[in-house]
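Undergrad: predicted model and sequence follow; I will ask about them next.
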Amino acid sequence: MRYSLVEILEATGGKLLIKGVDYFRGISIDSRTIKEGELFIALRGERFDGHTFVEEALKKAHGAIVSYPPVLPVRGKSIIHVDNTLKALQSIARYRRLKRSVNVIAVTGTNGKTTTKEMIATVLSRNHRVLRSKGNLNNHIGLPLCLAELNGQDIAVLEMGASAVGDIRQLCEIALPQIGVITNIGPAHLEGFGSIQQVRQTKLEMLEFVKKVVLNVDDPMLSPLMGSELLKGKEVITYGLSEKASVRAEDISYSASGVSFSLVSDGTRKRVSLRLFGRFNVYNALAAASVCRIFDCMNTFADTLKEFRGVPMRLELKTLKGATVISDLYNANPASMEEAIKELLSLKKTRAIAVLGDMLELGAYSEVAHRKLGRWIASLPVDIFVAVGPLMRLAYEEFRDANSNNRLAFSVKNPKEAKELLMDLLRENDTVLIKGSRGMRLEKILEE
């Protein structure tokens, strides 16, 4: 992949301060991982300033984009000045996208974005050259970095995350997607949004850009869209478990090896087996199948997806001291917590142990959400509840007060204390769920 100096100047509108090498082998914002011949973009944030590392980056880079000139003179390297280096990165990505003939698929929603994106990319890769977002790089920096790598692919599958109103619109203005997938809408990142209605408003910003829409019709925040002005003139494919879904799952069954279901669409029925667990992964697969319907590859969907192994740190099954451990450590919000606890109970053999960490970034809704969770867990056949962190202690208090069967409940401060407690409690054939927001670092419970 190559960028010419002329392309970069045209894309960014930048001023060439120093003329050096007139091509670049890629884009980088990290001086630690930059590769020979790339272009370094010196981003500035609240806690860092990439300009500090320009000199280091230029040991390998062919040039740099800066918002103020380097202190030391640079020879043989191209230095481009712009007013805002982040906008320059985004402009390069948009320029690349406009210069390439590519179908862009944007995936957003509160839960399931990354797994759905990976499933879509996996099934489409059988017959297409596909660019996909790396990991969960789905924000105003990660998405343009991914899109800047367009180089001959005919499809790009991009995850779009949001933490405030306007975020999805900004990402769509960069990527210009033709196809949009909305998985669901729930309470998450409420510190930035303020309310679930604003979460919905932000996710629906995608509809201003796409011509084809894939929607989870079972989601109560999305189903009212059907027949609305927002979908007027668009091709809409719905998925879900209900009869009204145009792509739906029937006869769902669960086993120790994963979940399977009958995929029903356009009068056809095909059995699909996943090496994944959880009803929510059925929904993720249905979203991917809906996109396959657009690209006319439904006939290969089941065979391609049966080898899909999932995404790291999301509902992984492990064994510890003869017990089954469900490790779901990527993130947590009320909706994903509920689904994970349901999975704990579906896999329960003898005792079900819930080790739950704080759900972060819920803003003013935080106390209500944790207390509601505690009361709900108390109504379920969860045998032991271990609350990790100050917010989850609120759930512990509700569980303890509503617990009429004197089931065990503990409140600990951190993953270290949770690990020591769990090792004492654990018995063979127990089923354990470990889940919390990423910032809680609950993976430390399973270290060593």
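TA: Thanks, I have it.

Undergrad: for Leu171, see how far away the residue positioned nearest the centre of the chain is.
TA: By C-alpha atoms, centre = their mean, the chain has its centre lying nearest to Thr114, at 3.6 Å. Distance of Thr114 to Leu171, given as C-beta to C-beta, to the nearest Å: 15 Å. In this view, the C-beta of every residue, glycine as well, is placed from N, C-alpha and C.

Undergrad: over to Arg2?
TA: 25 Å.

Undergrad: which of those two has more residues huddled nearby?
TA: Leu171 (28 against 10; other C-beta atoms under 10 Å).

Undergrad: assign a three-state SS to the more buried one, would you?
TA: Using DSSP: H, G, I helix; E, B strand; the rest coil, the structure places Leu171 in helix.

Undergrad: hey, where'd the helices end up in the chain?
TA: Ranges of helices in the chain, per DSSP state H, are 5-12, 54-57, 85-98, 113-124, 142-147, 167-175, 190-193, 196-203, 279-294, 301-305, 334-346, 366-378, 392-402, 415-425.

Undergrad: worst mean pLDDT among the ones you listed?
TA: Lowest mean pLDDT within the helices of the chain: helix 190-193, a mean of 74.

Undergrad: in the stretch 201-350 of the chain, which spans are strands?
TA: 212-216, 235-240, 247-255, 258-265, 268-274, 316-320, 323-328 (DSSP state E, counting those that start in this stretch).

Undergrad: any chance of JSON lines for those, columns mean neighbour count?
TA: Output for those, formatted as JSON lines (neighbours: other C-beta atoms under 10 Å):
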{"stretch": "strand 212-216", "mean neighbour count": "24"}
{"stretch": "strand 235-240", "mean neighbour count": "20"}
{"stretch": "strand 247-255", "mean neighbour count": "15"}
{"stretch": "strand 258-265", "mean neighbour count": "20"}
{"stretch": "strand 268-274", "mean neighbour count": "15"}
{"stretch": "strand 316-320", "mean neighbour count": "14"}
{"stretch": "strand 323-328", "mean neighbour count": "21"}
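
Undergrad: pull the contacting residues for the nearest residue to Ala323 once chain neighbours are set aside.
TA: Nearest non-adjacent residue to Ala323, counting by C-beta to C-beta, 6 or more residues apart in numbering: Asp430, 4.0 Å away. Going by C-beta atoms under 8 Å, 6 or more residues apart in numbering, Asp430 touches Ala323, Thr324, Lys349, Thr350, Arg351, Ala352, Ile353.

Undergrad: okay, the helices of the chain in a markdown table with distance to Glu443 next?
TA: Converted to a markdown table, the helices of the chain look like this (distance: least, C-beta to C-beta, whole Å):
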| stretch | distance to Glu443 |
| --- | --- |
| helix 5-12 | 39 |
| helix 54-57 | 31 |
| helix 85-98 | 31 |
| helix 113-124 | 17 |
| helix 142-147 | 21 |
| helix 167-175 | 27 |
| helix 190-193 | 23 |
| helix 196-203 | 27 |
| helix 279-294 | 21 |
| helix 301-305 | 27 |
| helix 334-346 | 15 |
| helix 366-378 | 21 |
| helix 392-402 | 16 |
| helix 415-425 | 8 |
